[in-house]
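Asks: Next input, structure requested:
(one chain, ligands or ions: 1)
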Amino acid sequence: MSVTVVGSLNEDVLVAVGRLPGRGETVIGRSAVLAPGGKGANQAAAAGVLGRGVHMVGRVGEDPAGDRQLAALAGAGVDVGLVHRTPGAPTGSATIPVEDGTGENLIVVVPGANAELTPGDADVESVRRAAVVLLQLEVPLETVTAAARVATGTVVLTPAPPRPLPATLTDRIDVLVPNEHELADLAGVEVAERPAAELARLARSIAPCAVVVTLGARGALVVPPQGRCCCRRRRP
Ligand SMILES: OC[C@H]1O[C@H](O)[C@H](O)[C@@H]1O
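Replies: Numbers count the residues shown, from 1 in each chain. This is a model prediction of the structure:
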């Protein structure tokens, strides 16, 4: 089965801290390590270690960080032929303090070359023909929308980081995979632990497709598609 990921590649700076800093606060970290990251590249690497036929569409800079991201992804078995080097833009980066014990983190992303990924970059055979297209929101929304529009396979969107989703995008998605915070953000309500029925109601309010709400240690909630799910439209 072919899987194409359209999305971000970042170089992560993972900083181990005893506790996360508050606003305006300085804390001393224990260590800092570079690691390959980006919500798109992370999905591609996970799919790549599971099997062949995984392709990544994205952008990195013409810098050593870009070399490292391409090497890491290729090492995970991902075809990086559609990851373009972008003159004048640095490879995306993310600074991530991670709290000892809890694993809680904060993420600050500087998009760099990810912001240069164009709708034209996504309008390629690899996206059109993939059995599954995986999308997230760390690249321009118009590029995510273009990928969803040309795809003929199953389109899966992880709405992270969350931002308002136009109907031109939600109408082309088969499966939306938010966590609780992203679901609340998209639905425009306060984040709070909510019962399953309430989560399902919020999910139905943001997209007609199937919604899988990830709930951390509590598992996931699967909300079936409503009548006008686009996968039925493309493959009657
Ligand atoms: O979800 C984790 C990822 O978010 C950001 O994209 C970081 O690069 C990190 O790898």
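Asks: Strands along the chain, start to end?
Replies: 3-6, 10-17, 29-37, 54-61, 79-86, 92-99, 108-110, 132-135, 154-157, 175-176, 210-214, 220-223 (DSSP state E).
Asks: could I get the ones you listed as JSON lines with mean neighbour count and distance to Leu202?
Replies: Placement of C-beta: from N, CA and C, glycine included. Output for these, formatted as JSON lines (neighbours: other C-beta atoms under 10 Å; distance: least, C-beta to C-beta, whole Å):
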{"stretch": "strand 3-6", "mean neighbour count": "30", "distance to Leu202": "26"}
{"stretch": "strand 10-17", "mean neighbour count": "20", "distance to Leu202": "29"}
{"stretch": "strand 29-37", "mean neighbour count": "13", "distance to Leu202": "29"}
{"stretch": "strand 54-61", "mean neighbour count": "28", "distance to Leu202": "30"}
{"stretch": "strand 79-86", "mean neighbour count": "19", "distance to Leu202": "35"}
{"stretch": "strand 92-99", "mean neighbour count": "19", "distance to Leu202": "28"}
{"stretch": "strand 108-110", "mean neighbour count": "14", "distance to Leu202": "25"}
{"stretch": "strand 132-135", "mean neighbour count": "26", "distance to Leu202": "20"}
{"stretch": "strand 154-157", "mean neighbour count": "24", "distance to Leu202": "16"}
{"stretch": "strand 175-176", "mean neighbour count": "24", "distance to Leu202": "11"}
{"stretch": "strand 210-214", "mean neighbour count": "20", "distance to Leu202": "8"}
{"stretch": "strand 220-223", "mean neighbour count": "15", "distance to Leu202": "9"}
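Asks: Pull up the gap between the residue most central in space within the chain and Asp63, please.
Replies: Closest residue to the average C-alpha location of the chain: Gln136 at 3.1 Å, with C-alpha atoms, centre = their mean. According to C-beta to C-beta, to the nearest Å, Gln136 stands 22 Å off from Asp63.
Asks: again, but for Val156
Replies: Counting by C-beta to C-beta, the gap from Val156 to Asp63 is 30 Å.
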